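Participant: pasting a predicted model and its sequence here:
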Amino acid sequence: MTTQKKDKKFLKLFLGIIFDLIGCISYILPGFAEVSDVIWAPLSAWLMTRLYKGNSGKIGAVITFVEEALPFTDAIPTFTLMWLYTYVIQKEKNDDDDGIVIDATEVK
């Protein structure tokens, strides 16, 4: 992996942690969470689509929007979980795939 890709990867992690903290910060002032979530839920969904392209970003955006819009779920670190899914879970899945396709009808 090139240095530029590593930098981009860890920048996404850093931004994700910051965005997760912004989602949690609304609980500091009583009653502020409900008001701030009206603004933060769509903004966080949009940010998710900017950080992660394709279907993963779209699905992550829906999950982030719902998580931020529902009461008492702001503590779930959706941006960090998306980073783990993208760079740890998906990477392991892709590493296991050696690219060889075997047709079951050919195996005797």
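Facilitator: Yes, it's here.
Participant: the longest helix seen in the chain packs against which elements?
Facilitator: Ranked by residue count, the top helix of the chain under DSSP state H comes out as helix 3-25. Secondary-structure packing of helix 3-25 (3 or more CB pairs under 8 Å, 6 or more residues apart in numbering; DSSP states H and E): helix 32-51, helix 78-84. To be clear about C-beta, it is placed using only N, CA and C from the backbone, and glycine gets the same treatment.
Participant: just say which of those is most tucked in.
Facilitator: helix 78-84 (a mean of 20; mean count of other CB atoms under 10 Å).
Participant: what's that one packed up against?
Facilitator: Here helix 78-84 touches helix 3-25, helix 32-51, helix 54-69, going by 3+ CB pairs under 8 Å, 6+ apart.
Participant: could you dump the longest helix of the chain to CSV, C-alpha only?
Facilitator: Provided in CSV are the C-alpha atoms of helix 3-25 (Å, rounded to 0.1, in the frame of the first residue of the first chain):
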residue,chain,number,x,y,z
THR,A,3,2.0,6.1,1.6
GLN,A,4,-0.7,8.2,0.0
LYS,A,5,-3.3,5.5,0.4
LYS,A,6,-2.3,4.9,4.0
ASP,A,7,-2.5,8.6,4.7
LYS,A,8,-6.0,8.7,3.2
LYS,A,9,-7.0,5.6,5.1
PHE,A,10,-6.0,7.1,8.5
LEU,A,11,-7.4,10.5,7.6
LYS,A,12,-10.8,8.8,7.2
LEU,A,13,-10.3,7.2,10.6
PHE,A,14,-9.4,10.5,12.2
LEU,A,15,-12.4,12.3,10.6
GLY,A,16,-14.7,9.4,11.5
ILE,A,17,-13.7,9.7,15.2
ILE,A,18,-14.2,13.5,15.1
PHE,A,19,-17.6,13.0,13.5
ASP,A,20,-18.6,10.4,16.1
LEU,A,21,-17.6,12.8,18.9
ILE,A,22,-19.6,15.5,17.3
GLY,A,23,-22.6,13.2,17.4
CYS,A,24,-22.0,12.5,21.1
ILE,A,25,-21.3,16.1,22.1
